[in-house]
Every structure is written in C-alpha cells, then in structure tokens.
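Chemist: Sequence below, structure please.
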Amino acid sequence: MSSREISVLIQHPHRGDEISGVLVYAKAMAEALNEDPGFNCAVLSTADTSLKQQWRAVRKAHVVHTNSTALPLVLLCRLARKPVLLKLHYPQFRSARDERNPATPTSRIVREVRRILVDATRERSPRSAYLGLGRLGLRLIGLHLVTQVVACSLALAQSTEIYRTVSFLPNPVPALDEIPGSREVDAATFCFVGRLVKEKGPQFLLEAANNLIVEGAAVQVVIAGTGPLEGELHRRVSELGIEGNVQMLGKVDHEQIRSIYQQAIALVFPIAWEDPAPYPPLEAAAEGRVTVACDRGGLPETAGPHAYYFESESVNDLTRAMSDVLRNPAAALDRGAMAREYAAGHYAPSVSSSLLGQTLARLA
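Modeler: Predicted coordinates:
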C-alpha cells in the first residue's frame, strides 16, 4: 500500500433515514477504513446530494467506491479522472432474479428486453417500455464506465452476465464484533427475521410449522419484520388455528433482533428467489445460531456449510429439516457455534475492510 493517505468516497443510493443493507455496508466500511491511518473515508448519498455537491466530493477523493450504477456520479468521476470501484449488491437484470439458468451476456440482454416488452404489453403501457429500456441502457453504460466491478457474493459475481470480470468482495457483519448474548435458548422455537414478502418465504415457514404441530411437536415460531405479506400471514395463522404457536412482532430494533436469535434454536430462511447475499444467517451466526436454509442464490455462502438444507419452496422438505433440528437440539447448538466460527473467518468487518482496502489502494 502507498505511504500516502488515500481519500476514499463511498457512495450509496439511499436517504439517511432509510433501512437498507447497502446503507449499513457503506457506513460499516467507512468506519472500518477510517480506523486505518492509510485511509480517509467519506460517505455520500446520491439521493440526498446535488450534482454540485457530488462534484466537490469526487474532486477531493483519490478513488470512489459506488454501491449502485449511479451514472451521473460515474460520469463526474470520469470527468475528474478518478477510478471507480462498483460493488453489486443485487442482480442487475430482473430476468435473472427468479431463474437459475446461466446465460451469455448477449442472451441475458435479449431476455431482459423481452421481459420489459412483455410487461409493457400486459400493462398496455408504451411509456413503461420506454422507461424500462432507458433504465436498462443507462445501467449497462454505468457498468462499463467504472474501473472495476465486484459483487457481494460469489453467486452474484458468477451470475452477473456482463462483458467484464466481476470478482467477489464480502460484506461485513458488524454483529460479529459483538459478544454473543447469554439468553437461554428455547429448543422448540424457530425464528424468521426479514421483510415480509413472498420472495423471502415466510409463508413456507408457517406451513411447515403447522405440519409439525399436527404431528404433535410443541413448536413456536417468532417472525420479525414488516411488509406487504403481513396481513396475509396473519390471516393464514388464524385459518390454521396456530395463534398460540406464532408470534408476529412487526418492526424491531437491533437489540430486539439479537434477543430473538438468542432465544431461538435456529433461524429459518426459506427464500424463493436468487437472493445474492442474505444478512440474517450471518446475524444469527453472530449469536451462535444455525440456519435452516435452501440452496438458492448466495444463501449457501452466508448460511455456511453447517446449515440444515432443504429443497427450495418445498414445505415437506422444510418440515423434515426443522424436524431434524427438534430431534437433536444439542447438535443444532453445536452447528450454531461452528456457524459463528465460519462467519467470523469470512465476514468479520476486519476481514471485509482489509480486502476492500487492498482493492482501493491498487486502484488509487
């Protein structure tokens, strides 16, 4: 690394009061890099700043780290001759979010255009076609104007079908720097933490829990989070008659989330899309808890090799995996301890910031 102090500008696309994993990442990386005397790091929201403010910030930096394809900012960086490291946190193509079949860059773009046109035809909205194609074009330009591209998981790096190399740079999990809590675990409690949308799969957890209850298991489920599926989940709990077994807590803060993980024997995270790098399994691991997970997207990376795996979107297989946990809770706790060790070795802030610092120093 150069002996000079490197000025780094970390961009994110969110407003300061939003709840976002990308925002957490930007702040955590800035804090970690600023602990290194070789770096001077600032965070910039492209949602809260004008182009004039962005230009001033770019001119002060040696290197810019973007976390979205912010084309206006990237163009300012090119004008100022500043290198740009883009980190991808989500699939860049809507057509890649729900399918697992790889494609060449050209065929992926064709699929994306076709999807935009099909959706516009269904909505009878030529305007949505123009907007969709325009956004796609701007995104592709942004992807090719930056100096280097990295992704938050190996799965996303390997599935980002663009005409350039995408490498893997892990996200940090600040909770891994904290001492695991000491709350007594309930060997019959499973938890779900996340946004309540179909893609996250909380509906599969309810059905699997009901199967176990019908079989005679004294299962408890704690669901933390809000989202458009919340009302439907409440109705389903009532239909199944399992109100005494399910707690839906709504929005919770950081300390409440820690307490939820500590109480549960395992986190259940039954996603139904190619989620590139889910955080909850790592947060659970920080508290010494294992995850019941499916093999989709980047979930096997964050849930790790010690998770209980089941077939995606299969309620019966999820029931089987949860039953395995209930039969031997001591083994589940042992797996949780190993999950924490795995997560600390791959996702601790010191690990992530060191890799990011090395990358930025090479670009600067």
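
Chemist: mind checking the SS state of the residue of the chain most remote from its centre?
Modeler: The outermost residue of the chain relative to its centre, with distances by C-alpha atoms, centre = their mean, is G216 at 35.0 Å. Secondary structure, DSSP: H, G, I helix; E, B strand; the rest coil: G216 is coil.

Chemist: do the one 5 residues further on as well
Modeler: At V221, secondary structure determined by three-state DSSP is strand.

Chemist: How about the contacts made by it?
Modeler: Contact partners of V221, counting by C-beta atoms under 8 Å, 6 or more residues apart in numbering, are T189, F190, C191, F192, L205, L206, A209, N245, V246, Q247. To be clear about C-beta, it is placed using only N, CA and C from the backbone, and glycine gets the same treatment.

Chemist: Could you dump the residues you listed into CSV with secondary structure, pLDDT and distance to M338 added?
Modeler: Formatted as CSV, these follow (DSSP: H, G, I helix; E, B strand; the rest coil; pLDDT from 0 to 100; distance: C-beta to C-beta, whole Å):
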residue, secondary structure, pLDDT, distance to M338
T189, strand, 97, 20
F190, strand, 98, 19
C191, strand, 98, 19
F192, strand, 97, 22
L205, helix, 98, 23
L206, helix, 98, 28
A209, helix, 98, 25
N245, coil, 97, 29
V246, strand, 97, 29
Q247, strand, 97, 28
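
Chemist: ok, of the residues you listed, which come out buried?
Modeler: With burial judged by 16 or more other C-beta atoms under 10 Å, the buried subset of these is T189, F190, C191, F192, L205, L206, A209, N245, V246.

Chemist: Need the max-distance pair from those.
Modeler: T189 and L206 (14.5 Å; C-beta to C-beta).

Chemist: low pLDDT regions in the stretch 1-150 of the chain?
Modeler: 1-3, 19, 98-100 (pLDDT under 70).

Chemist: That one: helices as residue ranges?
Modeler: 21-34, 51-60, 71-80, 105-123, 126-145 (DSSP state H, counting those that start in this stretch).

Chemist: cool, and the stretch 201-350 of the chain?
Modeler: Along the stretch 201-350 of the chain, counting by DSSP H, counting those that start in this stretch, helices occupy 202-214, 230-240, 254-263, 280-286, 299-303, 315-327, 329-347, 349-363.

Chemist: surely L240 meets L206?
Modeler: Yes: at 7.0 Å, L240 counts as touching L206 under the criterion of C-beta atoms under 8 Å.

Chemist: rewinding a little: now, the most widely separated pair of the contacts of V221?
Modeler: It's T189 and L206 that sit farthest apart of the contacts of V221, by C-beta to C-beta, at 14.5 Å.

Chemist: Throw the contacts of V221 into a markdown table and include distance to V8, thanks.
Modeler: Below are these laid out as a markdown table (distance: C-beta to C-beta, whole Å):
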| residue | distance to V8 |
| --- | --- |
| T189 | 42 |
| F190 | 41 |
| C191 | 36 |
| F192 | 36 |
| L205 | 40 |
| L206 | 44 |
| A209 | 46 |
| N245 | 49 |
| V246 | 45 |
| Q247 | 43 |
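
Chemist: between those residues, which is closest to R81?
Modeler: For the contacts of V221, the nearest to R81 is F192 (47.5 Å; C-beta to C-beta).

Chemist: shouldn't that closest one be in contact with P202?
Modeler: Yes: between F192 and P202 a contact is recorded at 5.2 Å, counting by C-beta under 8 Å.

Chemist: anything in contact with each of these two?
Modeler: Both F192 and P202 are contacted by I223, G225, under the criterion C-beta under 8 Å, 6+ apart.

Chemist: Verify the contact between P329 and V290 for me.
Modeler: No: in this structure P329 lies outside contact range of V290 using C-beta under 8 Å: 10.4 Å.

Chemist: So the two - more neighbours on which side?
Modeler: V290 (28 against 15; other C-beta atoms under 10 Å).

Chemist: so the more buried one bridges to which residues?
Modeler: A266 (DSSP bridges).

Chemist: and the gap between it and Y279?
Modeler: As judged by C-beta to C-beta, to the nearest Å, V290 and Y279 stand 16 Å apart.

Chemist: which residues of the stretch 251-364 of the chain score low on pLDDT?
Modeler: Looking at the stretch 251-364 of the chain by pLDDT under 70, you get an empty list.

Chemist: Okay then, goodbye and thanks.
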